[in-house]
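# Need coordinates for the following:
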Amino acid sequence: MKQRQRQILEFLHDNPGHITAGQLAELLKCSERTIRNEIAELRQLLVAGEYGRLEAKGNQGYRLIATPEEWARLLRQEEEFSQRDLFSQQLEGPYLILERVLKNGTVKISYLEQELFTNYKNIAKYADQAEEWLRRHQVELQRKRGQGITARGNRHQIRLALWALYHELTHTFRPDEVAESLQQFWPGISFYGIQQTVSRLEERWCFRFSYASYERFCFLLAAMLADSRRKQHYDLLLQGPTPDTWEWNAAYDVLDMMRQAYHADLPAEETFYLWFCLASSEIMDFRTPEAQQRNAREKQKMLGLVRVLVRMIGGILQHNFSDDKVLENGLLNYLSALSTALHYGDRSGEHGSVLQSCTEYAEVSVACWSASHLLEGILQTPITEWEVSAIASHFAGAVERKSVGGVVYVICSYGVGVSRFLCEQLKRAFPHIQVLGELTPRDLDRLQTLPRQYDLLITTVDLPGMPSESTVRIGNRLKNSDIMRINKKLAHLHDHPRKKAPASGQGLAYPLFDPGLVLRCEHPVEKEELLHRLCQMLAQRGYVGPEFETTVLEREHNASTSLSSRVAIPHGLPEHVLTSKIAVGLLDVPVKWNAFDQVDTVFLLALNLKSNAQVRESTIAFYRGLIAMVDEPEKLACLRVLPTDEDLAGALNQIVQ
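Alright, predicted model coming up:
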């Protein structure tokens, strides 16, 4: 019920006579038309809930007719509404339907009308919106007369849809109150046993979850408990993992610990679900060399991908990352979790921590976009800007990494990549700082019990229990204002320039550009038409297969490929590339590429990095040149004014020398 509607009822209840619409409008500072609309809704709500009725008399106004029992019942309903959990208080329309139907399986229309204090027409509109949301998460919504609204899907997808809903709500509406939100989303479940289970799991298997993965893992354990209480059985048709991995054995441990903690009859089938929860969670670090080596040994294929990725991006950025084990281990943990999550249908968005756009790290983002070909080939699915940004945060930290000293802890809740990126920014800005460790807010209890061994806590969240003189609050990227605040407490500011590694692959030239692959558009053109014409140019020359264009459009649907400086780098999956080439689109009138960016220069990439070493080296050289264009737009402007397609293709091929 709206606040104005409650006020109208209170005025009518306190006044035994009639009150006109004009009097109510004056009391509530609104128009008479608004009052009449609110009265019309209240009449339906009161009758539907059997709380009494509103009487209307000409020239006299409105009067509430309700027995003391009906009024008391209405007050109780409103009190229950005001005391509902965090999410239900905020949920309106489709979100309330999603929460109720995913948690309970079925919800009655009459219940929703009463809960939302609205009519059937609005409920039907909200249900349409909820149905579209569920379809994106592979859950079907069914509506049957007399039975209400029902969610249909396997328990795996429904649990993931619940997580996606929770994640969307907390990170959209209440991003600063996530710590309390788990208990409020699952009010009937005590999280003490879950937290104890997770702590014992981490201790027994010698690792730490990232903060975001800790929250997700706890949530998914609660979803399992909720299903067990409703006798809902877990089912998933996809093939399970290879037995005897450490994550599979750890899943058995979790099942036993949860059975003991909650005296719950959890079936053995939940072991697969628990394996998925663990294997798709990003690990912050392993606490012993043996645990790290065991993990790397079991993930040799992914480790090989990581090393190729490190060499490739290192070549583009002209950095040698080969001996950076922090980068290698961080990427191994992130990509292993991402691969499992995507394979089993989890695209809820939390797998990437967005690296804030800034000129200084534009080159890192561009370089990581180049790796999306490699990643998509291995993961067998397009990746979004979330995943690319998370990978970029790992490499940004590696670019900044220096051997320095100091005495601080970094406390971050944005994810492993951002946490380590912050650490490396701090080390660069303050060469005398030693980062003793990367913590999450849930590590504070342990930190408070240890002897004071640090000078400062640099944190992305508020720490009300810690003395203000020993804490500095910053954002998820170090800014000048943050540096000034830290500098007041630790006056050792010094900037170290980055060292570039020598460029590799000089002299290996593969011509990626042809004069026949240049499209100049003098008149306005839509994005889809532009991409179609560029793909046709490639297909007509036999450079790509017939499915290439479809994968380009799907890739754009999943994530925009626009960069800064009005440049876009769309691309398709490498298995549909027959000969590696790049088509170029030059637009006199910029095209709207996404909700935010306008683009006038397009490089459509048809690249298969597995074809030969020359293609790989030329691609790395192209991205190195693209970085220069992004950093210095005048270089791109010079290319755009070249008079002929031959001149343009020749100049671009010079870049890949």
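# so what's residue 271 up against?
Residues in contact with residue 271 (Cβ atoms under 8 Å, 6 or more residues apart in numbering) are 248, 251-252, 255. Placement of C-beta: from N, CA and C, glycine included.
# what's the helix or strand for it?
For residue 271, the host element (DSSP states H and E) is helix 270-279.
# how far is that helix from where the chain is centred?
The chain centre lies 21 Å from the centre of helix 270-279; the measure is Cα atoms, centre = their mean, to the nearest Å.
# next SSE after it?
Counting by DSSP H and E, the next helix or strand C-terminal to helix 270-279 is strand 283-286.
# Packing partners of that next one?
strand 207-209, helix 211-229, helix 289-298, helix 325-343 (3 or more Cβ pairs under 8 Å, 6 or more residues apart in numbering; DSSP states H and E).
# Next secondary structure element downstream of the helix or strand bottoming out on mean pLDDT in the chain?
Least confident helix or strand, the chain: helix 86-90 with a mean of 47, by mean pLDDT, DSSP states H and E. Counting by DSSP H and E, the next helix or strand C-terminal to helix 86-90 is helix 94-104.
# Give me the helices and strands touching that next one, please.
helix 86-90, strand 106-107, helix 109-116, helix 120-136, strand 148-152, helix 155-173.
# who's in contact with the shortest one?
Think strand 106-107. Strand 106-107 has contacts (Cβ under 8 Å, 6+ apart) with 97, 100-101, 147-151.
# Kindly reformat the residues you listed as a markdown table and extend each row with pLDDT and neighbour count.
Shown next, in a markdown table, are the contacts of strand 106-107 (pLDDT from 0 to 100; neighbours: other Cβ atoms under 10 Å):
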| residue | pLDDT | neighbour count |
| --- | --- | --- |
| 97 | 86 | 26 |
| 100 | 86 | 22 |
| 101 | 88 | 26 |
| 147 | 73 | 11 |
| 148 | 84 | 20 |
| 149 | 89 | 24 |
| 150 | 90 | 15 |
| 151 | 90 | 25 |
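# okay if I get the residues you listed as TSV plus distance to residue 4?
Conversion of those to TSV gives the following (distance: Cβ to Cβ, whole Å):
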residue	distance to residue 4
97	24
100	25
101	29
147	34
148	29
149	28
150	34
151	33
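# max-length strand in this protein?
strand 581-592 (DSSP state E).
# partners of that strand in the sheet?
Each strand paired with strand 581-592, and its direction, by DSSP bridges: strand 518-521 (parallel), strand 598-606 (antiparallel).
# Can you show me the CA trace of the last one as PDB?
The reference is to strand 598-606. C-alpha atoms of strand 598-606 as PDB (Å, rounded to 0.1, in the frame of the first residue of the first chain):
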ATOM      1  CA  GLN A 598      29.600   6.600 -30.900                       C
ATOM      2  CA  VAL A 599      32.000   4.900 -33.300                       C
ATOM      3  CA  ASP A 600      33.500   6.100 -36.600                       C
ATOM      4  CA  THR A 601      36.300   3.600 -37.100                       C
ATOM      5  CA  VAL A 602      35.600  -0.200 -37.100                       C
ATOM      6  CA  PHE A 603      38.200  -3.000 -37.300                       C
ATOM      7  CA  LEU A 604      36.300  -6.200 -37.900                       C
ATOM      8  CA  LEU A 605      38.600  -9.000 -36.800                       C
ATOM      9  CA  ALA A 606      38.600 -12.300 -38.500                       C
END
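# Count the residues that sit near residue 22.
12 (other Cβ atoms under 10 Å).
# how far away is it from residue 382?
Going from residue 22 to residue 382 by Cβ to Cβ, to the nearest Å gives 60 Å.
# do residue 11 as well
Relative to residue 382, and taking Cβ to Cβ, residue 11 is found at 57 Å.
# Please compare those two by neighbour count and tell me which comes out ahead.
Each of residue 11 and residue 382 has its neighbours counted (other Cβ under 10 Å); residue 382 has more, 20 against 16.
# wait, what's in contact with that one?
Residue 382 touches 376, 551, 554-555, 558-559, 573, counting by Cβ under 8 Å, 6+ apart.
# Just put those residues in JSON lines and tack on pLDDT, distance to residue 526 and neighbour count.
Output for those, formatted as JSON lines (pLDDT from 0 to 100; distance: Cβ to Cβ, whole Å; neighbours: other Cβ atoms under 10 Å):
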{"residue": "376", "pLDDT": "72", "distance to residue 526": "25", "neighbour count": "21"}
{"residue": "551", "pLDDT": "87", "distance to residue 526": "19", "neighbour count": "21"}
{"residue": "554", "pLDDT": "84", "distance to residue 526": "17", "neighbour count": "13"}
{"residue": "555", "pLDDT": "80", "distance to residue 526": "17", "neighbour count": "21"}
{"residue": "558", "pLDDT": "71", "distance to residue 526": "19", "neighbour count": "16"}
{"residue": "559", "pLDDT": "72", "distance to residue 526": "19", "neighbour count": "18"}
{"residue": "573", "pLDDT": "82", "distance to residue 526": "23", "neighbour count": "21"}
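# Which one of these is nearest to residue 308?
The closest of the contacts of residue 382 to residue 308 turns out to be residue 376 (Cβ to Cβ; 13.7 Å).
# Wait, that closest one touches residue 384, no?
No. Using Cβ atoms under 8 Å, residue 376 makes no contact with residue 384, being 10.7 Å away.
# For residue 417, grab the count of nearby residues.
When neighbours are defined as other Cβ under 10 Å, residue 417 has 26 of them.
# And the pLDDT at the nearest residue to it once chain neighbours are set aside?
Distance criterion Cβ to Cβ, 6 or more residues apart in numbering; nearest residue to residue 417, sequence neighbours excluded, is residue 393 at 3.4 Å. Per-residue confidence at residue 393 stands at 85 (pLDDT).
# Enumerate every residue touching the residue nearest to residue 129 when sequence neighbours are not counted.
Leaving aside its chain neighbours, residue 129 sits nearest to residue 94 (3.8 Å; criterion: Cβ to Cβ, 6+ apart). Residues near residue 94 by Cβ under 8 Å, 6+ apart: 126-127, 129-130, 133.
# Surely residue 309 is in contact with residue 375?
Yes. Taking contacts as Cβ under 8 Å, residue 309 lies within contact range of residue 375: 7.4 Å.
# Overlap in contacts, the two.
Counting by Cβ under 8 Å, 6+ apart, the residues touching both residue 309 and residue 375 are residue 391.
# ok, the two, which is more surrounded?
Shown here are residue 309 and residue 375; by other Cβ under 10 Å, residue 309 has more neighbours (23 against 20).
# mind listing what the more buried one touches?
331, 371, 374-375, 391.
# got it, and residue 550?
Residue 550 neighbours (Cβ under 8 Å, 6+ apart): residue 572.
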